[in-house]
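# coordinates for the following, if possible.
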Amino acid sequence: MTSLSGAALDNLAPGTDITSTVTPFTFQPVVSATDTAGFLLGGPFGSTDFNVDSGPTIKIGTNASGQITSWSIAEGVFVSYPAFSGENPTDFYATYTATTTNLDDSLVLTLDHDAGFAPPGGTSGTGSFGATTVGVPAPVAGAGLPGLIFAAGGLLAWTRRKRQAAVAA
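This is a model prediction of the structure:
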């Protein structure tokens, strides 16, 4: 889950790029565990054999309350399919662009350097973008000022009455 905050999130047009304002951010697409020839994926997500090229691009749209109404998160993914233990991860690999939006998820094969055996793509299996937004509240000093003036007036009236009572006595 990612939290975003600030009045700058209110009324963002759909597709507003907020990549540079959201750090750190984790986006882990799901890629097939084997290529179509049955060779296993070379390592877990985040390893040198399966890693994200440069991090995600995050674009959102928000309403007047700062609630996210649309999103698009895309990331390039390098996937290695070594045929045997210790094989160079750049011998057989594929690159994909994984995307999740408020409408759907996709996984698009962008380069097949796996002798044609790289899985063709499909859905990224990322589910939904679980970010929440937190608006910046208005200053409370302005809201309490009328009450403070009323209380000060009451204190002043009480003080006058008490002084008048003391003079009359």
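# in this structure residue 121 contacts residue 105, no?
No: using Cβ atoms under 8 Å, residue 121 makes no contact with residue 105, being 10.9 Å away. From N, CA and C alone the C-beta is placed, and that goes for glycine too.
# which stretches of the protein form helices?
With helices called from DSSP state H, the chain shows them at 141-168.
# can you find the helix or strand of it with the lowest average pLDDT?
The helix or strand of the chain with the poorest confidence is strand 131-134; it has a mean of 55 (mean pLDDT, DSSP states H and E).
# which stretches of this protein have low pLDDT?
For the chain, the stretches with pLDDT under 70 are 1-7, 23-27, 43-54, 124-156, 158-159, 162, 165-169.
# per the annotation, how does it divide into domains?
Domains of the chain are assigned by automatic domain parsing as 2-137, 141-169.
# so what's the closest residue to residue 22 other than its chain neighbours up against?
Leaving aside its sequence neighbours, residue 22 sits nearest to residue 58 (Cβ to Cβ, 6 or more residues apart in numbering; 5.5 Å). Under the criterion of Cβ atoms under 8 Å, 6 or more residues apart in numbering, the contact partners of residue 58 comprise 17, 18, 19, 22, 25, 71, 72, 73.
# same thing with residue 72?
Residue 72 is in contact with 15, 57, 58, 59, 60, 99, 100, 101, 102, counting by Cβ under 8 Å, 6+ apart.
# now with 7 Å?
If you count contacts by Cβ atoms under 7 Å, 6 or more residues apart in numbering, residue 72 has them with 15, 59, 99, 101.
# could you measure the closest residue to the last one other than its chain neighbours against residue 103, distance?
Setting aside the residues directly before and after it, residue 101 is nearest to residue 72 in space (Cβ to Cβ, 6+ apart), at 4.6 Å. In this structure, residue 72 and residue 103 are 9 Å apart, going by Cβ to Cβ, to the nearest Å.
# equivalent analysis for residue 164, please.
74 Å.
# kindly export the longest strand seen in the chain (C-alpha atoms) in PDB.
Longest strand in the chain, counting residues (DSSP state E): strand 68-80. Provided in PDB are the C-alpha atoms of strand 68-80 (Å, rounded to 0.1, in the frame of the first residue of the first chain):
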ATOM      1  CA  ILE A  68      -7.600   8.600  -7.100                       C
ATOM      2  CA  THR A  69     -10.000   8.100 -10.000                       C
ATOM      3  CA  SER A  70      -7.600   6.700 -12.600                       C
ATOM      4  CA  TRP A  71      -4.100   5.200 -12.600                       C
ATOM      5  CA  SER A  72      -1.600   3.700 -15.000                       C
ATOM      6  CA  ILE A  73       1.600   2.100 -13.700                       C
ATOM      7  CA  ALA A  74       4.100   0.700 -16.200                       C
ATOM      8  CA  GLU A  75       7.400  -0.900 -15.800                       C
ATOM      9  CA  GLY A  76      10.000  -2.600 -18.000                       C
ATOM     10  CA  VAL A  77      10.900  -6.100 -16.800                       C
ATOM     11  CA  PHE A  78      14.000  -8.300 -17.700                       C
ATOM     12  CA  VAL A  79      13.400 -12.000 -17.400                       C
ATOM     13  CA  SER A  80      16.100 -14.600 -17.800                       C
END
